[in-house]
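Trainee: Next comes the sequence, and after it the predicted model I'd like to discuss.
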Amino acid sequence: MVSAELALALLPLVLVLALCLAGLGLAVDQVRSADAARVAARAASRGEATRAVSELARSLAPEGSRVSVRVRGGEVEVVVEAPARSLLVGAPAASGRAVVPLEPGVEGGP
């Protein structure tokens, strides 16, 4: 009798654990995406080439992330979008965005 009750209670416990681990993975991806965007935006504001900035962001971001770099109006905007790594349908994706003014003396800067 006790083993049947344990078997029934084990499935919800495993599901809750899987949801907790998926949430933790999303939190880690979110922090990595935000950090990658921030570091890449700072590099771009110093005048680094767009290709080098994109590679820097990809090296810091979660696997399979998309990176976009835009320079406009004396500012650099870097957006890093990481794919959802959870197998759950409708799981959110992580993303990070950073906007930094161009350093003085950099082309297009103040």
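Mentor: Arrived safely.
Trainee: Leaving out sequence neighbours, find the closest residue to the residue sitting nearest the centre point of the chain.
Mentor: In the chain, the C-alpha nearest the mean C-alpha coordinate belongs to Ser33, at 2.3 Å (CA atoms, centre = their mean). Distance criterion CB to CB, 6 or more residues apart in numbering; nearest residue to Ser33, sequence neighbours excluded, is Gly96 at 3.5 Å. Every C-beta, even on glycine, is put in place using the N, C-alpha and C of the backbone.
Trainee: The helix or strand harbouring that neighbour: which residues count as buried?
Mentor: Using DSSP states H and E, Gly96 maps to strand 94-101. Counting neighbours by 16 or more other CB atoms under 10 Å, one finds that the buried residues in strand 94-101 are Ala94, Ser95, Gly96, Ala98, Val100.
Trainee: show me the contacts for Asp29.
Mentor: Residues counted as contacts of Asp29 (CB atoms under 8 Å, 6 or more residues apart in numbering) are Pro62, Ala82, Arg85, Ala94.
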